[in-house]
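Novice: Give me coordinates for this.
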Amino acid sequence: MDLGDVERLREELAAFVGEMFGSLSRADQRRQGDCYVRGLMVDGRRKSIVPMAERLPDGNAQALQQFVADSPWDHQRVLRRVAERMCAAIDPRVWVVDDTSFPKCGRASVGVARQYCGALGKRANCQVGVSVHAATDAMSCPLQWRLFLPEEWTDDPVRRSRAGVPDDVGHVEKWRLALDAIDTLSGWGLVPPVIVADAGYGQIGGFRHELAARDLDFVVAVRGDEIAHTGDALPSTIAYSGLGPRPLPRYRDRARSLLEHAVAAGREAFVEVGWRRGSRGTMRSRFATTAVRPAGKVPARLARAAAGDADIAWDGVLPVFTLLTEWPADADAPTDHWLTNLPQDTPVAELVRLAKMRWRIEHDYRELKHGLGLDHYEGRTWRGWHHHVTLVTAAHAFLTLHRTDPKALTPA
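Specialist: Below is the predicted model of the structure:
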């Protein structure tokens, strides 16, 4: 948007920012929040502080820098208001879990390390942020962010101190960060719909187990080489000698890859399903479902239960999930797989629509980065990073509401 467009929305934006940043006790903080959000929305090659301040009639680079990098306002209180407002407006069918990378130079920026960088498609120096987004086919918006802290930051007190990393923050796997973000949203009284994630999360048995333990429904992508038993397979109990740990019940049938399960169903089991309209009409492919019991590493909590943990009861029977597989008509073999704990009588078309809704998070990342400068922040601190992504999230929420329903910006 050019400056004129943003200025014409000044009154609506001020009301929205006033509501989202109402937790900030000082008027000057709310004023800088309004200014920063407008700066993110105005067209420009860079959305770092100095260029943004130069584009705005009331821009003050020093004041904006202090507000983002140093002012101790609680970003989670702002995100809570954004999440509550957007979930009410969107009425999401899914929450999408994913992560995005921020290429960086040097070693000083908080969380930076040489790791896989999705933005570049290779290992590179970058930060990685984990996010949870509310989504329907038509609307989506980020609700929560977590900055991934690589292991090399855990025992480097000098880097941690310079970047302002809190003492109680250490290395946590991305899937655990995602669970923590979901727990935060649930703690705010927001009801999680179906959780959707790519194979980077869905492949992790612990992630699926923890979602199920929270009574959350999910449809998550997995690789075809993950192994599973058939849905009707049951384990045999092994006699306990009384010595050492109690042995786990054992499945006698061979666990096969999910790809093998899908192929065994045969091409005739796959039906054509359309899930949404794209630029070339309705997107269609062929899908089938089958019941499976994922094998592999048993979550530690269940292993303790099987070994006789007095506080947990588990009979060694692996849970049944539905395997959803895509096998395009022009492909020689199945191409994509998902696991879900939704009821087994859920229609295939519904599972496909949910699984394919993950595309919305990529749509959000493009808007957040290319339009709003999500990855343009040049500060190096923990506080600054979280403040910046929160302000970008607020700007994205405003534009989403304005684009889809301008009346939604008017407080009831």
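Novice: Find the residue closest to the residue nearest to the spatial centre of the chain in space, skipping its chain neighbours.
Specialist: Nearest to the geometric centre of the chain sits V97, at 2.2 Å (C-alpha atoms, centre = their mean). Among residues not flanking V97 along the chain, A197 sits closest, at 4.2 Å (C-beta to C-beta, 6 or more residues apart in numbering). Backbone N, C-alpha and C define where each C-beta goes, glycine included.
Novice: tally of neighbours for the one you found?
Specialist: The tally of other residues near A197 (other C-beta atoms under 10 Å) stands at 29.
Novice: try P166
Specialist: Around P166 there are 9 residues (other C-beta under 10 Å).
Novice: returning to what we had before: okay, and the beta partners of the residue nearest to V97?
Specialist: For A197, the beta-bridge partners under DSSP bridges are V97, V220.
Novice: At which residues are the strands of this protein located?
Specialist: Under the criterion DSSP state E, the chain contains strands at 94-103, 113-117, 122-135, 140-147, 194-197, 218-222, 227-230, 256-257, 271-278, 281-294, 321-326, 336-340.
Novice: who does the last one pair up with?
Specialist: Going back to what we said before, that points to strand 336-340. Paired strands of strand 336-340, with direction, are strand 218-222 (antiparallel), strand 321-326 (antiparallel) (DSSP bridges).
Novice: what about dumping the CA coordinates of the last one to PDB?
Specialist: What it means is strand 321-326. Only the C-alpha atoms of strand 321-326 are listed here, as PDB (Å, rounded to 0.1, in the frame of the first residue of the first chain):
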ATOM      1  CA  PHE A 321      -4.800 -44.000  13.100                       C
ATOM      2  CA  THR A 322      -6.300 -43.500   9.700                       C
ATOM      3  CA  LEU A 323      -3.700 -43.400   6.900                       C
ATOM      4  CA  LEU A 324      -4.700 -41.000   4.100                       C
ATOM      5  CA  THR A 325      -2.700 -41.500   0.900                       C
ATOM      6  CA  GLU A 326      -2.700 -39.600  -2.400                       C
END
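Novice: Now that strand: average pLDDT?
Specialist: Averaging pLDDT along strand 321-326 yields 98.
Novice: can you give me the angle it makes with strand 281-294?
Specialist: 140 degrees (axes from the mean of the first three to the mean of the last three C-alpha atoms, to 10 degrees).
Novice: what's around V94, how many residues?
Specialist: 27.
Novice: residues in contact with the spatially closest residue to G373 that is not a sequence neighbour?
Specialist: Nearest in space to G373, with sequence neighbours left out and distances taken as C-beta to C-beta, 6+ apart, is K47 at 2.3 Å. K47 makes contact with G39, L40, L372, G373, H376 under the criterion C-beta atoms under 8 Å, 6 or more residues apart in numbering.
Novice: same thing with D225?
Specialist: S257, L258, L259.
Novice: among those, who's most crowded?
Specialist: Counting by other C-beta under 10 Å, L258 has the largest number of neighbours within the contacts of D225, with 23 neighbours.
Novice: the helices in the stretch 101-250 of the chain, which residues?
Specialist: Assigned by DSSP state H, counting those that start in this stretch, the helices in the stretch 101-250 of the chain fall at 157-163, 174-187, 199-202, 205-213.
Novice: for the protein, where's the lowest mean pLDDT among helices and strands?
Specialist: One helix or strand of the chain scores below all others by mean pLDDT, DSSP states H and E: helix 300-306, with a mean of 54.
Novice: what residues are up against M1?
Specialist: Per C-beta under 8 Å, 6+ apart, neighbours of M1: M41, V42, D43.
Novice: if we take the residues you listed, which one ends up nearest to V271?
Specialist: M41 (44.7 Å; C-beta to C-beta).
Novice: residues near the closest one, how many?
Specialist: 25.
Novice: just the one 5 residues further on next, same as before
Specialist: Taking other C-beta under 10 Å as the criterion, the count of residues near R46 is 11.
Novice: Check the gap between the nearest residue to it once chain neighbours are set aside and H388 for me.
Specialist: Nearest residue to R46, sequence neighbours excluded (C-beta to C-beta, 6+ apart): H376, at 5.7 Å. Distance, H376 to H388, by C-beta to C-beta, to the nearest Å: 9 Å.
Novice: Please apply the same query to A163.
Specialist: 14 Å.
Novice: Counting neighbours, go ahead and name the busier of those two.
Specialist: Neighbours around A163 and H388, counted as other C-beta under 10 Å, are more numerous at H388. The numbers are 26 against 23.
Novice: Need the pLDDT of the residue nearest to the more buried one when sequence neighbours are not counted.
Specialist: Leaving aside its chain neighbours, H388 sits nearest to Y377 (4.1 Å; criterion: C-beta to C-beta, 6+ apart). In this model, Y377 is scored at 94, pLDDT.
Novice: same check, this time on A113
Specialist: pLDDT, A113: 96.
Novice: which residue sits closest to it, ignoring its sequence neighbours?
Specialist: For A113, the spatially nearest residue (C-beta to C-beta, 6+ apart) is P150, at 3.9 Å.
Novice: same question, T393
Specialist: P142 (5.1 Å).
Novice: and if you look at A262?
Specialist: Per C-beta to C-beta, 6+ apart, closest to A262 is T325, 4.0 Å.
Novice: Just give me the neighbour total for the one you found.
Specialist: Neighbours of T325 (other C-beta under 10 Å): 23.
Novice: surely it meets A288?
Specialist: Yes: using C-beta atoms under 8 Å, T325 is in contact with A288, at 5.6 Å.
Novice: Show me the common contact partners of these two, please.
Specialist: By C-beta under 8 Å, 6+ apart, the residues touching both T325 and A288 are A262, A265, F270.
Novice: Top of these by number of neighbours, please.
Specialist: That'd be A262 among those, by other C-beta under 10 Å, with 27 neighbours.
Novice: pretty sure that one contacts W327?
Specialist: Yes: when contacts are counted by C-beta under 8 Å, A262 is listed as touching W327 (6.9 Å).
Novice: anything in contact with each of the two?
Specialist: Joint contacts of A262 and W327 (C-beta under 8 Å, 6+ apart) are A288, P334.
Novice: Would you mind measuring from the nearest residue to A394 once chain neighbours are set aside to W382?
Specialist: Excluding the flanking residues, the one nearest A394 by C-beta to C-beta, 6+ apart is M20, at 5.2 Å. As judged by C-beta to C-beta, M20 and W382 stand 22 Å apart.
Novice: Mind listing what's buried along the longest helix along the chain?
Specialist: As assigned by DSSP state H, the longest helix anywhere in the chain is helix 382-404. For helix 382-404, the neighbour count (16 or more other C-beta atoms under 10 Å) marks 382-402 as buried.
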